[in-house]
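S.K.: got a predicted model here, sequence first, then my questions.
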Amino acid sequence: MALSGVRVLELAGLAPSPLCGMILADFGAQVVRVDRCPRSAMNTDVQGRGKRSLALDLKQGAGAAALRRLCLRADVLVEPFRHGVMEKLGLGPKVLLQENPKLIYARLTGFGQSGRYAKSAGHDINYLALSGVLSKLGRKDENPYAPVNLLADFAGGGVMCAMGIIMALYERTKSGKGQVVDASMVEGAAYLSSFLWKSQNLGLWNRLRGENLLDSGAPFYETYKTLDGKFMAVGAIEPQFYEQLVKGLGLDLDKLPSQLSFSDWPEMKKMFAALFSKKTQAEWCRIFDGTDACVTPVLSLDEVALYQHNKERGSFIKNDQEEISPRPSPLLSRTPATPSSRRDPFIGEHTEEILLEFGFTKEEIAKLHSEKVIEFNKPKANL
Ligand SMILES: C[C@H](CCC[C@H](C)C(=O)SCCNC(=O)CCNC(=O)[C@H](O)C(C)(C)COP(=O)(O)OP(=O)(O)OC[C@H]1O[C@@H](n2cnc3c(N)ncnc32)[C@H](O)[C@@H]1OP(=O)(O)O)[C@H]1CC[C@H]2[C@@H]3[C@H](O)C[C@@H]4C[C@H](O)CC[C@]4(C)[C@H]3C[C@H](O)[C@]12C
């Protein structure tokens, strides 16, 4: 796999850093999740695929020292705390990079490592708000609306951080040096939205939120409810595709206002909505499948894996617990990701084997254990 041989230490965090670690693991890296010790009653990382867990108390001097030792043999450290937390533990980049100059030290935070908010708490919606993106999301006459915690946490955070790590790993093959990756979710979400910025002069965003081409203003870029309470997604932007949409709806193009007549959009939406409500989702699929009308069903998470196209590509996978999840993306032709099919690790499940692998002796491990710096957690206890 593309990242085999890369050793990653991921300090356990909320949502974005677990995704970052999972991407690296899916593509072959050996990812160790460093969990808190004493461990919490329940594992909240649902993105632990392919990782192993080491439970280590970083607040004890011996715990912080153990992490420093682990970092000597690691390629990447991912830390998800607000700025200052790692420094307070004596584990800041100055210390760790001095000890291992090849280390890639990835810091995944909401507000970045500097600026007045660097030490403030926040969540996806706050980061999205400060990126400017949130102001563009939402329907006409409604408040801005955050689409779950996908944009800042995962796209602008977890994915951007993984990209930064991979670029730093590539650069290291030339310089032999590690570096700090300062991944701010505000900036990640803003960067992700570069199209929004760069397209300001195209006239795409001249109208209020929810009245533009791609933000639910246009009748041909919208979702519509069907007779059976399901939905269809319509994305017929180009005139040749719009023509096919109109045909599929049983309308006559010549009798409709021009596609880009903004003032007619609200009425056209009503007309399209009335038509979509007359047939079931399956009936609309039969009409539009195989055309270029850019009309697709809105599938639920329960439906996607069984949907013919997704089945043909094997886009969703099952683990040995029969849980379905998306297959890693993108597909690499020679070295595709081979995600683990095992269940996620229990906190502290691999503490001993990881420490042995990183050069700790049995005696050292026993001492750390007796001092409650580390914890073991045998799987049987969880079954
Ligand atoms: C799924 C839910 C998550 C929702 C995601 C949400 C929408 C997000 O946006 S996530 C993005 C959050 N932001 C960041 O990650 C940016 C960077 N980080 C931060 O800004 C902060 O970390 C913070 C604001 C997120 C949290 O601040 P906090 O003060 O808690 O932490 P820090 O200041 O960073 O410091 C960390 C301290 O911890 C110490 N530490 C760290 N590691 C160790 C270690 N190994 N040993 C010892 N100590 C360690 C470190 O030293 C720091 O100490 P100090 O403070 O003293 O300096 C989920 C959200 C809530 C979940 C639910 C909830 O938990 C209840 C249930 C619990 C149950 O177990 C499972 C079900 C739950 C319902 C659970 C379900 C889900 O997981 C949630 C809903």
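M.R.: Looks like it came in fine.

S.K.: show me where the protein has strands.
M.R.: For the chain, applying DSSP state E gives strands covering 7-11, 30-35, 51-56, 76-79, 104-109, 179-184, 221-225, 231-235, 295-297, 316-318, 324-326, 374-375.

S.K.: as TSV, the ones you listed with mean pLDDT would be great.
M.R.: Shown next, in TSV, are those (pLDDT from 0 to 100):
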stretch	mean pLDDT
strand 7-11	98
strand 30-35	97
strand 51-56	97
strand 76-79	98
strand 104-109	98
strand 179-184	98
strand 221-225	98
strand 231-235	98
strand 295-297	98
strand 316-318	95
strand 324-326	96
strand 374-375	96
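
S.K.: the ligand: which of these is closest?
M.R.: strand 104-109 (4.0 Å; Cβ to the nearest ligand atom). Heads up, the C-betas are built off the backbone N, CA and C, glycines and all.

S.K.: from the chain's centroid, how far away is the closest one?
M.R.: With Cα atoms, centre = their mean, to the nearest Å as the basis, strand 104-109 stands 16 Å off its chain's centre.

S.K.: sheet partners, orientation included, of that strand?
M.R.: Applying DSSP bridges, strand 104-109 is found paired with strand 76-79 (parallel), strand 179-184 (parallel).

S.K.: just to revisit the earlier point, of all the strands of the chain, which one comes closest to residue 259?
M.R.: In terms of Cβ to Cβ, the element of the strands of the chain nearest to residue 259 is strand 221-225, at 10.9 Å.

S.K.: where are the low-confidence patches of the stretch 51-200 of the chain?
M.R.: The model of the stretch 51-200 of the chain has no residue with pLDDT under 70.

S.K.: which residues of it lie near the ligand?
M.R.: 56-59, 80-82, 85, 88-89, 109-110, 121-124, 149, 153 (Cβ under 6 Å from any ligand atom).

S.K.: give me the buried subset of those.
M.R.: Neighbour counting over these (16 or more other Cβ atoms under 10 Å) leaves 56-58, 80-82, 85, 89, 109-110, 122, 124, 149, 153 as the buried ones.

S.K.: tell me how many other residues crowd residue 126.
M.R.: Residue 126 is flanked by 19 other residues according to other Cβ atoms under 10 Å.

S.K.: who are the contact partners of the closest residue to it other than its chain neighbours?
M.R.: Once flanking residues are discounted, residue 126 sits nearest to residue 110: 6.6 Å by Cβ to Cβ, 6 or more residues apart in numbering. By Cβ atoms under 8 Å, 6 or more residues apart in numbering, the contact set of residue 110 is 82, 117, 120, 122, 123, 126, 127, 152, 157, 184, 185, 186.

S.K.: can you rerun that using 7 Å?
M.R.: 122, 126, 127, 184, 185, 186 (Cβ atoms under 7 Å, 6 or more residues apart in numbering).

S.K.: can you check residue 211 too?
M.R.: Taking Cβ under 7 Å, 6+ apart as the test, what residue 211 contacts is 140, 217.

S.K.: relative to the ligand, how far out is it?
M.R.: As judged by Cβ to the nearest ligand atom, to the nearest Å, residue 211 and the ligand stand 29 Å apart.

S.K.: look up how far residue 195 lies from that residue.
M.R.: Distance of residue 211 to residue 195, given as Cβ to Cβ, to the nearest Å: 18 Å.

S.K.: now swap in residue 372 and tell me
M.R.: Taking Cβ to Cβ, one finds residue 372 at 51 Å from residue 195.

S.K.: buried set for stretch 278-287?
M.R.: 279, 281, 284, 285, 287.

S.K.: which pair of those residues spans the longest distance?
M.R.: Spatial extent of those (Cβ to Cβ) is set by the pair 281 and 287 at 10.8 Å.

S.K.: okay, the angle between the lengthiest helix in the chain and strand 7-11?
M.R.: For the chain, the helix that runs over the most residues, judged by DSSP state H, is helix 160-175. Angle between the axes of helix 160-175 and strand 7-11 is 140 degrees (criterion: axes from the mean of the first three to the mean of the last three Cα atoms, to 10 degrees).

S.K.: helices or strands up against helix 160-175?
M.R.: In terms of contacts (3 or more Cβ pairs under 7 Å, 6 or more residues apart in numbering; DSSP states H and E), helix 160-175 is packed against helix 16-26, strand 104-109, strand 179-184.
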